[in-house]
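> heads up, no residue letters with this:
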């Protein structure tokens, strides 16, 4: 079981959902602005913007906020953001990939480096972790989308590569260059997805047990709380027992 998606669910079960919602809205708006600035400000003509808008809608970002974020991209006062990927190792040798959108590269680098060092990890060079991962498309559906068999059949028909289903929902993986086509086919069969993204998926998982689990979770939580950080991925393999201890 990959640890990162489970961390998300643990955070919500610990009551963090409300406290991080404003940060989530801010990050969704930032992604919309950057996507609109990099291409046309029309989601129908800009695949990245279309994904950003759809994901924002799935998180209930108000329409007027979405519209303002798109308009902001064409304004002269729109911030200029750099996309940066950081790679490092957390407690237990777990690989961690951090994606940031920042208007201050020095601030972002200093904060990410400090967060790693304070939480049992260390920042590595670019490529020190990502060579063990695949860059792929990920489409997430709620459990109500259908049974495991129904979603699997729809995914195969849509041209997806793999499906993972559990009590939290269904995650469909596809080649990133086919993501738009697969997502459209799945939407026709299953309805709107909870989220659609291009993500990092580890080829090998690293087992983490004992005290290192809590330390790793603290590292990921702190990174995700940083305003400059958009996404955090880990290849942690954590037992259900250790995850339950974090909740208990």
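Done, it's in. A quick note: this is a predicted structure, and the numbers were derived from the prediction, not measured.
> Let me know how buried residue 70 is, in neighbour terms.
22 (other CB atoms under 10 Å). No exception for glycine: its C-beta is placed from N, CA and C like everyone else's.
> Isn't it up against residue 33?
Yes: counting by CB atoms under 8 Å, residue 33 is a contact partner of residue 70 at 7.3 Å.
> State the distance from residue 206 to residue 186.
30 Å (CB to CB, to the nearest Å).
> Which one of those two is surrounded by more residues?
residue 186 (26 against 19).
> For residue 165, see how far away that one is.
If you go by CB to CB, the gap between residue 186 and residue 165 works out to 14 Å.
> got it, and residue 30?
Counting by CB to CB - residue 30 and residue 165 are separated by 31 Å.
> can I see the domain layout of this structure?
According to automatic domain parsing, the chain comprises the domains 16-74, 82-131+204-247, 132-202.
> Buried residues, the host helix or strand of residue 221. List them.
Per DSSP states H and E: residue 221 is located in helix 211-225. For helix 211-225, the buried set under the neighbour-count rule, 16 or more other CB atoms under 10 Å, comprises 212-213, 215-224.
> now swap in stretch 86-93 and tell me
86-92.
> and if you look at stretch 130-139?
130, 133, 136-139.
> Which of those residues fall within helices?
Among those, no member falls in helices (DSSP state H).
> For the residue nearest the centre of the chain, give me phi and psi.
For the chain, the residue sitting closest to the mean C-alpha position, by CA atoms, centre = their mean, is residue 231 at 4.6 Å. Residue 231 adopts backbone torsions of phi -140, psi 150, taken as degrees, to the nearest 10.
> Give me the spatial nearest neighbour of it, chain neighbours excluded.
Here the nearest residue to residue 231 in space, its sequence neighbours aside, is residue 99; by CB to CB, 6 or more residues apart in numbering that works out to 4.4 Å.
> bridging residues for residue 174?
Residue 174 has these beta-bridge partners by DSSP bridges: residue 137.
> what's it in contact with, if anything?
136-139, 158-161, 182-183 (CB atoms under 8 Å, 6 or more residues apart in numbering).
> any low-confidence regions in the protein?
1-20, 76-78, 246-248 (pLDDT under 70).
> picking up where we left off before, what's in contact with the helix or strand hosting the residue nearest to residue 231?
Taking DSSP H and E as the definition, residue 99 sits inside strand 95-102. Residues from elsewhere that reach strand 95-102 (CB under 8 Å, 6+ apart): 27, 30-31, 34, 81-90, 108, 112, 116, 121, 129-130, 132-133, 200, 202, 206, 219-220, 223, 226, 228-235.
> quick one: buried residues of the helix or strand immediately after it in the chain?
Remark: after strand 95-102, the chain's next helix or strand is helix 105-118, criterion DSSP H and E. Within helix 105-118, the residues scored as buried using 16+ other CB under 10 Å are 108-109, 111-112, 115-116.
> so how far is residue 92 from residue 61?
Taking CB to CB, one finds residue 61 at 35 Å from residue 92.
> Then residue 35?
35 Å.
> could you list every residue that touches residue 129?
87-89, 95-97.
> do residue 151 as well
Taking CB under 8 Å, 6+ apart, one finds 141, 145, 163, 165, 170, 172, 190 in contact with residue 151.
> change it to 7 Å
141, 145, 163, 165, 170, 190 (CB atoms under 7 Å, 6 or more residues apart in numbering).
> Which two among those residues are spaced furthest apart?
165 and 190 (12.5 Å; CB to CB).
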